[in-house]
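J.: 3D, please:
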Amino acid sequence: MVGSVRAILLIWLVSASAAAAPELVLQVATSWQDDSNPLRTPESQSVVSTRVLGNDIRAGLVLPLLSERTRLVLGAAQGDAQYHGTDQLSHQTHAWDAALEWAYGDLFNGRLIASDDQSLYSYSDGSLTQLDLAHTAQQATEVSLKVSPELSFPVRVEQTQFHYDLIENQWYDSSQKASQIGLLYESPTGSQVQFGMRSSNTVFTQRTPAQILAMDSSLHDSELFADVDWKYSVKTGIRMRVGVIEREYPDLTAQDTRLVSAMLTTSYAYSPQLLIKTQLWDRPYPFISSSVLYMLAKGARLSAAWAWSEKVHLRGFVSLQHDDLINTPTSPSSSSSEQERRAGLMLDYLWQPNMRFFAEAQLENQLRMPAYPNIAETRVRVGLEYTFENSPGAAKNNPMSRFQPYFW
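T.: Have a look, this model is predicted:
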């Protein structure tokens, strides 16, 4: 909390002292939420619903420095959530990030990035009922060598620290160092093609000797990837990313594996008012369990955004995902699978130029196989948001949406 407050104050101080004209955005939001199953307790057990009163303050600043291509982008958010029904989950969240974007002639450009985030642990099966908060901190450097208007070589180096408050989850605390290099082609029409390689080393900093014996103390990933963003027409865009990951463990070599990560996204502007998107994915994800190495998720999603009028906007989606949980070789139980079905709807009403009313709902059913009881959850939230901007259009130019806690 103290870090977020300091970050927000820093935004004010920098904007007040800067000679260049900054773009400053402040947002204050309050919301009421009903959650039928915040701990995601299986249907076979007693499920406790809850009501949540949330208050959030967010700030963003875009500050030009030496030139139009060199600027400082700052953002911060502080939130408070009071739970009634599962009172132990009441907590505060915070997030901040800073990026120094720079350019040296037409040859070099890049960014220096730092971020920090505190959020609620993602409860999964009702086995954990205590409050736990997840903390993520990241530092990164990006540099791109542009050898022609179309061709460049982007490089990124980053370090990420991840930590849980509860001792029960700290065996998944980690420190990761990663580097990525690519070859990027940008066409005059706006399409992009990138080929590259990424290498990362993850060390689990809090594992006990018994946990290391079961899952090892670290892992190394080497990935070759291709990323295509194709502007097929003014109305249609297609993006595809495919990567092949070689995962190695220093001691438990029986866990070494090859993973494929793929995602396909299409967008179609049916009209100036209606945008339709589809997504298909087949990706590995980490999974917090003492017996599960990772999860393989295959899914599909259809979403739409409709501007009914200048003041009223609607968004909705449906998705289906199948998960395979891959256990450790020493686990006594065989790997299991589950299916997640989700649907959501959101309404935005711009009551005044700087006042927004929003309402959203999401339904989820998790069908767990072969012998675990299913999990169902319904969330409904309504709220009001006030936005201040020091110049017209500053809110649109400032990526404030990264701090807005939507369901999806």
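J.: Specify which residues of the stretch 151-300 of the chain, grouped into ranges, have pLDDT under the cut-off.
T.: Within the stretch 151-300 of the chain, not a single segment meets pLDDT under 70.
J.: could you pull out the helices for it?
T.: Assigned by DSSP state H, counting those that start in this stretch, the helices in the stretch 151-300 of the chain fall at 209-215.
J.: where along it do the strands fall?
T.: Along the stretch 151-300 of the chain, the stretches classed as strands by DSSP state E, counting those that start in this stretch are 151-164, 174-186, 192-204, 218-231, 236-248, 257-271, 274-285, 292-307.
J.: among these, which is nearest Pro329?
T.: strand 292-307 (8.8 Å; C-beta to C-beta). Yep, even glycine has a C-beta here, placed from its N, CA and C like the rest.
J.: in its sheet, what does the closest one sit against?
T.: Here strand 292-307 is paired, per DSSP bridges, with strand 274-285 (antiparallel), strand 312-327 (antiparallel).
J.: any low-confidence regions in the stretch 1-150 of the chain?
T.: The stretch 1-150 of the chain contains residues with pLDDT under 70 at 1-20.
J.: Verify the stated contact: Leu293 with Thr330.
T.: No. Shown here, Leu293 and Thr330 do not form a contact pair, counting by C-beta atoms under 8 Å, at 10.7 Å.
J.: Quick check: bridge partners of the residue nearest to Ser67 when sequence neighbours are not counted?
T.: Distance criterion C-beta to C-beta, 6 or more residues apart in numbering; nearest residue to Ser67, sequence neighbours excluded, is Ala103 at 7.3 Å. For Ala103, the beta-bridge assignment (DSSP bridges) gives partners Asn109.
J.: Which positions within stretch 278-286 qualify as buried?
T.: 279, 281-284 (16 or more other C-beta atoms under 10 Å).
J.: swap in stretch 26-36?
T.: Within stretch 26-36, the residues that count as buried by 16+ other C-beta under 10 Å are 26-27, 29, 31, 33, 35.
J.: And for stretch 111-126?
T.: For stretch 111-126, by 16+ other C-beta under 10 Å, it's 113, 115-118, 120-121, 123, 125-126.
J.: Turn the residues you listed into CSV, including distance to Gln138 and secondary structure.
T.: Output for those, formatted as CSV (distance: C-beta to C-beta, whole Å; DSSP: H, G, I helix; E, B strand; the rest coil):
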residue, distance to Gln138, secondary structure
Ile113, 7, strand
Ser115, 5, strand
Asp116, 8, strand
Asp117, 9, strand
Gln118, 13, strand
Leu120, 19, strand
Tyr121, 19, coil
Tyr123, 24, coil
Asp125, 28, coil
Gly126, 31, coil
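J.: Distance to Phe195 added to these, as JSON lines?
T.: Putting these into JSON lines (distance: C-beta to C-beta, whole Å) gives the following:
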{"residue": "Ile113", "distance to Phe195": "23"}
{"residue": "Ser115", "distance to Phe195": "27"}
{"residue": "Asp116", "distance to Phe195": "32"}
{"residue": "Asp117", "distance to Phe195": "30"}
{"residue": "Gln118", "distance to Phe195": "36"}
{"residue": "Leu120", "distance to Phe195": "38"}
{"residue": "Tyr121", "distance to Phe195": "37"}
{"residue": "Tyr123", "distance to Phe195": "39"}
{"residue": "Asp125", "distance to Phe195": "40"}
{"residue": "Gly126", "distance to Phe195": "44"}
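J.: Okay then, goodbye and thanks.
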